[in-house]
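# My questions are about this predicted structure, shown below with the sequence.
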2 protein chains.
Amino acid sequence: MATYTDIARRVYNHTFKLDPIIRSLLDTDFYKLLMLQMIWGLYPDVEATFSLINRTRSVKLAEEIDIDELRAQLDHARTLRFTKKEMIWLAGNNFYGSKRIFSPAFLRFLETFQLPEYRLEKRDGQFVLEFPGKWVETTMWEIPALAIINELRSRAAMKDYGPFTLDVLYARAKAKMWEKVERLAHLPDLKISDFGTRRRHSFLWQRWCVEALKEGIGENFTGTSNVKLAMDTDLEALGTNAHELPMVLAALARSDEELREAPYRVLQDWRSYYGGNLLIVLPDAFGTDAFLRDAPDWVADWTGFRPDSAPAIEGGERIVRFWKERGRDPRDKLLIFSDGLDVDMIEDAYLHFEGKVRMAFGWGTNLTNDFEGCAPEPNPGLDPISIVIKVSQANGRPAVKLSDNPAKATGDAREIARYLKVFGEEGRVELPVKV
Amino acid sequence: MATYTDIARRVYNHTFKLDPIIRSLLDTDFYKLLMLQMIWGLYPDVEATFSLINRTRSVKLAEEIDIDELRAQLDHARTLRFTKKEMIWLAGNNFYGSKRIFSPAFLRFLETFQLPEYRLEKRDGQFVLEFPGKWVETTMWEIPALAIINELRSRAAMKDYGPFTLDVLYARAKAKMWEKVERLAHLPDLKISDFGTRRRHSFLWQRWCVEALKEGIGENFTGTSNVKLAMDTDLEALGTNAHELPMVLAALARSDEELREAPYRVLQDWRSYYGGNLLIVLPDAFGTDAFLRDAPDWVADWTGFRPDSAPAIEGGERIVRFWKERGRDPRDKLLIFSDGLDVDMIEDAYLHFEGKVRMAFGWGTNLTNDFEGCAPEPNPGLDPISIVIKVSQANGRPAVKLSDNPAKATGDAREIARYLKVFGEEGRVELPVKV
């Protein structure tokens, strides 16, 4: 068997103009599609601008990433449409055990969907990247744009590495990832899924990590938030809803009274579209304590909560107390942990809550972008950073997120002050945000 | 860029009959060629039988490896000839800084060289594998036959692994190997080379390890004993001589007196062919203490020693004492360590002898066959074992190796007793032989 070079492939590899990061509109988080259907149904005319926020100010993104490359990747993503095969799969697949979760009319809307225009410039070493337009279009930029920026950053960090260094880098990353899988394999009733699309090192690396979990913990790996990977690998597509829903509805509120009710209004809207395991409350947009204090009793009937800005045990215990106060048995309820998880935290939370409440873990950045110690010399360009794309305005009014962690708050300072007056500051604790 | 399958390659991969382990007669240790030239010149008519010895009796080789596969691999190796390119390289390359180390007449002999016939059968779960015939032919079986058996054993150990498990296995092995390289990179004047052909996990893995050392420690990686890898990667081909020389000459001795002189006779023969850095004494065939005690003074003029059956520091110190006793300055001399090395031992010996003597390391089994902790579950089939192919008879007389370590002794018990009477038992210490 002589050495063999595929001439066509080699020539192609040396002449292509772009190695696209996003190659399918399904390469996004499943909750985006769920939210999109609700936005399309209930808020088709709302304007919502999404904006890139780099919380890791020390990293000058516009110095690490070439703006023209970024533009080329964003432009390429705009050329994508849902393909026939993808449309058939969305229409025919079961999600969360339900058939036809997407209505025929919504699917027709998707058929011609295209990512809308964007605004991009450099300022002080950072990118100003904004997606103005109809909420029902702009919302779809969040995940692909973050994945593009993160992968361009990885590529930039590795551009001087030769093939051997890259070989060792990925060998180490695989060995490291597999150690994590082996530890997780010791938790017999674990339910964990991949939530790492937006912060991934690269698409191919995310796919490898998903395969590793599938291979290593079998049924305990319950699925992925990435719709394309779910389709390609026959995994469950997972996810429910995100902060943009209460943020937009709060921004649209015409009075403090309406503002206070916005978080519950979101749940009512959601319930008009989805049921069962999709009834997951995301309580922290304007502070979890305020949310629980003012919650109507029916909130305690929902399937579960996703505490997203507190340490898992502390955040989970607060929800468990709520259920008990409202006379519900937490053992019937579900907690979904998804904030800055790594194996230690997963093990601790698992052991802490075992037998007390059902739980599931949505594993993000530390699943799909942990290259610490893998490069030949420490390479800060491979450390994940805390970038988000958040709704910044709705119908021209500023949007705000308070979070339980002031370090994760976003929005205009005056509006933040007003929200704090309406919701109170109870239970907000500043914690470092790594990812 | 769509997914791409090379149809021809895929069909070929699914239909080939044999994945040959040995694909070139240069896939052997360099010292075999050096010794071969001397044997061809001085002992062309000596008959020497080589025999497989598995010192790791607990491993039943014939139960792990299919005898028909072994036969197919050995038969394939017999079809090989030195190619034109290989002959040109042997004639034109510098070895140890010398041009034309191989004579034109010897090269003509190589042109038609073929590995001779072998005898193979199963007995009590082991292989009885013998190579009878002219020394000038049988000697060339040692390295390819060992490499074949070791790689067939690796393949058997991994035959139930799926692609993902194999991916993790090699990722871990690469990460592990690279940790070793990084440790060695801290020794500024290290001289180390690959001596791992015979015990390698596989040819491709040896090649990867060689590339890793080249990439990681640069000039401190001085070369490889593998002639094919030296040619393919422009490294120095390294190696001098082995125990078979004193063993055959001792077997041919017609009296105890001739027996006692055989080890020095070998050196005289060697010197008639080679000089300079090739003047390396291998002192332990019949006990290092006896060898040094009876050595003529000119032995101390040789460039260096390769103590091969004692711990590096202890074995090296014994040689340093010899040089001092004979009035030579060890700082002008070279010690080559090659017995069961791993990084700890290399570091210790390096620090111990730094500034006292020149040294070089020939790294074998723990370089090219260390998969401990790399499989998903401990897999003893991946642990290296101690197999050797030793000369067992010369012109019908039994051949013996005493070694400094009785565990490494080989040969007929009565002859061993006779040799012990002639050479004495001084300084022989039983140590476990792992590889």
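Right, received. Where do you want to start? Treat the numbers as computed from the prediction; the structure is a model and nothing was measured. Numbers count the residues shown, from 1 in each chain, chains lettered A, B, ... in the order given.

# tell me the mean pLDDT over stretch A:361-378?
Averaged across stretch A:361-378, the pLDDT comes to 96.

# quick one: it to chain centroid distance?
16 Å (C-alpha atoms, centre = their mean, to the nearest Å).

# got the residues of chain A near chain B?
A:1, A:4, A:6, A:9, A:12, A:16, A:19, A:162, A:164-165, A:167-168, A:170-172, A:174-176, A:178, A:211-212, A:215 (C-beta under 8 Å from any C-beta of the partner chain). To be clear about C-beta, it is placed using only N, CA and C from the backbone, and glycine gets the same treatment.

# Take these and keep only those in helices.
A:9, A:12, A:164-165, A:167-168, A:170-172, A:174-176, A:178, A:211-212, A:215 (DSSP state H).

# one step back: just the buried subset of the residues of chain A next to chain B, please.
By neighbour count, with 16 or more other C-beta atoms under 10 Å in any protein chain shown, these hold A:164-165, A:167-168, A:170-172, A:174-176, A:178, A:211-212, A:215 as buried.

# what does the domain assignment say about chain A?
Annotated domains of chain A cover A:7-160+A:390-399, A:163-369 [the TED database].

# Just name the most buried of these.
domain A:163-369 (a mean of 20; mean count of other C-beta atoms under 10 Å in any protein chain shown).

# I'd assumed residue B:167 was in contact with residue A:175.
No: Residue A:175 lies out of contact with residue B:167 (C-beta atoms under 8 Å); the separation is 10.6 Å.

# A strand includes residue A:120, no?
Yes: according to DSSP: H, G, I helix; E, B strand; the rest coil, residue A:120 belongs to a strand.

# can you give me the strands in the stretch 201-350 of chain A?
A:221-224, A:280-281, A:304-305, A:334-337 (DSSP state E, counting those that start in this stretch).

# From the contact counts, what lies against the second one?
For strand A:280-281, the elements it packs on are strand A:304-305, judged by 3 or more C-beta pairs under 8 Å, 6 or more residues apart in numbering or on different chains; DSSP states H and E.

# Can you pull out the low-pLDDT segments for chain A?
Counting by pLDDT under 70, chain A contains low-confidence ranges at A:1-4, A:435.

# I figured residue A:113 hits residue A:140, correct?
Yes: in this structure, residue A:113 is within contact of residue A:140 by C-beta under 8 Å, at 7.3 Å.

# what is in contact with these two at once?
By the contact definition C-beta atoms under 8 Å, 6 or more residues apart in numbering or on different chains, residue A:113 and residue A:140 are jointly contacted by residue A:25.

# ok so, going back, any chance of the strands of the stretch 201-350 of chain A in a markdown table, plus distance to residue B:219?
Output for the strands of the stretch 201-350 of chain A, formatted as a markdown table (distance: least, C-beta to C-beta, whole Å):
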| stretch | distance to residue B:219 |
| --- | --- |
| strand A:221-224 | 47 |
| strand A:280-281 | 60 |
| strand A:304-305 | 61 |
| strand A:334-337 | 51 |
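
# Point out the one among the ones you listed that comes closest to residue B:62.
strand A:221-224 (41.1 Å; C-beta to C-beta).

# helices or strands next to that closest one in the packing?
Strand A:221-224 packs on strand A:192-194, helix A:203-217, helix A:227-233, going by 3+ C-beta pairs under 8 Å, 6+ apart.

# at 10 Å what do you get?
Strand A:221-224 sits against strand A:192-194, helix A:203-217, helix A:227-233, strand A:358-363, with contacts defined as 3 or more C-beta pairs under 10 Å, 6 or more residues apart in numbering or on different chains; DSSP states H and E.

# Provide the strand pairings for the first one, with the direction of each partner.
If you go by DSSP bridges, strand A:192-194 pairs up with strand A:221-224 (parallel), strand A:358-363 (parallel).
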